[in-house]
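Student: output the structure for:
(one chain, ligands or ions: 1)
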Amino acid sequence: KQDGELSGKTFLITAGPTREKIDPVRFLTNHSTGKMGYALAGEAVKMGARVVLVSGPVNLEPPSGAELIKVESAEEMYQAALGHFGEADVLIGTAAVADYRPKYIYEEKMKKKEGDQALELERTKDILFELGQKKKGQVIVGFAAETNDVENHAKGKLARKNADMIVANNVKQEGAGFGADTNIVTIYKKDGTIIELPLMSKSDVARNILTEVVQWLKKDESL
Ligand code: PMT
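Tutor: Below you'll find the predicted structure:
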């Protein structure tokens, strides 16, 4: 067991995109590369935590020491996260989970036909929301990927998802969001504190978030 500020703590971290099948050759997804989530997992391991990393399909080496669970769809990510939530002290949702999936998965490749094609979609489960309902003392950190009105959307997610912190990024900003090695985030905490961080590497963002989590855990334990 490693010695560190987070030793004895178990982190459940979701990362990367999900893939929602349309047919055997097509799927719906998004631009997440997993970099933000893997950075968090790596830094948490360095700080001594046990890390369960539930990851959608990405091209990254998992941080050594983290327990990797590979998933594809939002439903698989939900099941994997649910299965480990009970043993977690902290849940961090960095994954860009699909909000909708095709209502029907075609068994065979969809064939081209004349004219337009509509795709009927249904809602997936909101993992953070669902686990937020089952919360028993866990610290819950969500992300908010926004393109406008960041503060309002982030505060809405903080309340709705029963989270203790929301890490918001404006994914339209240069150097922030999907794919980059850097991010620009603002942390909104349940106690009303707002921490605005400048552009920095995703590892540094991760360390800043984990420092906040350490303080939050200490505060909870001293109650
Ligand atoms: O992976 P990278 O390329 O490094 O990019 C990083 C990132 C942009 C993906 C990351 O910084 C980020 O913003 N992650 C959250 C992406 C997202 O889906 O945000 P959202 O605002 O749609 O969701 C809000 C929160 O609810 C998130 O914590 C999300 O994980 C969670 N959620 C959303 C939908 C759903 N069905 N289940 C969820 O748990």
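Student: hey, let's count contacts and neighbours off CA atoms from now on
Tutor: Will do.
Student: around the ligand, which positions in this protein sit nearby?
Tutor: 16, 32-36, 93-99, 124-128, 142-145, 169, 177-179 (Cα under 6 Å from any ligand atom).
Student: redo that, cut-off 5 Å
Tutor: If contacts are counted using Cα under 5 Å from any ligand atom, the residues of the chain sitting beside the ligand are 16, 32-36, 93-97, 99, 126-128, 142-145, 177-179.
Student: buried ones from those residues, can you make that a PyMOL selection?
Tutor: In PyMOL syntax, the buried subset of those is picked out as below (16 or more other Cα atoms under 10 Å):
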select buried, resi 16+32+33+34+35+36+93+94+95+96+97+126+127+128+142+143+144+145+177+178
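Student: can you flag which of the residues of the chain next to the ligand belong to strands?
Tutor: Among the residues of the chain next to the ligand, the members found in strands (DSSP state E) are 93, 142-145.
Student: residues touching the most centrally placed residue in the chain, list them.
Tutor: To find the centre residue of the chain, average its C-alpha atoms and take the closest one (Cα atoms, centre = their mean): that gives Thr94, at 1.8 Å. For Thr94, the contacting residues are 13-16, 36-37, 142-143, taking Cα atoms under 8 Å, 6 or more residues apart in numbering as the criterion.
Student: nearest to Ser201, of those residues?
Tutor: Each of the contacts of Thr94 was scored against Ser201 by Cα to Cα, and Met36 proved nearest at 9.4 Å.
Student: what is the neighbour count of the closest residue to that closest one other than its chain neighbours?
Tutor: Nearest residue to Met36, sequence neighbours excluded (Cα to Cα, 6 or more residues apart in numbering): Lys202, at 5.7 Å. Other residues within reach of Lys202 by the criterion other Cα atoms under 10 Å amount to 23.
Student: how about Lys189?
Tutor: Around Lys189 there are 20 residues (other Cα under 10 Å).
Student: before we move on, what SS does Trp101 have?
Tutor: Heads up, residue 101 is Arg, not Trp. For Arg101, the secondary-structure state derived from DSSP: H, G, I helix; E, B strand; the rest coil is strand.
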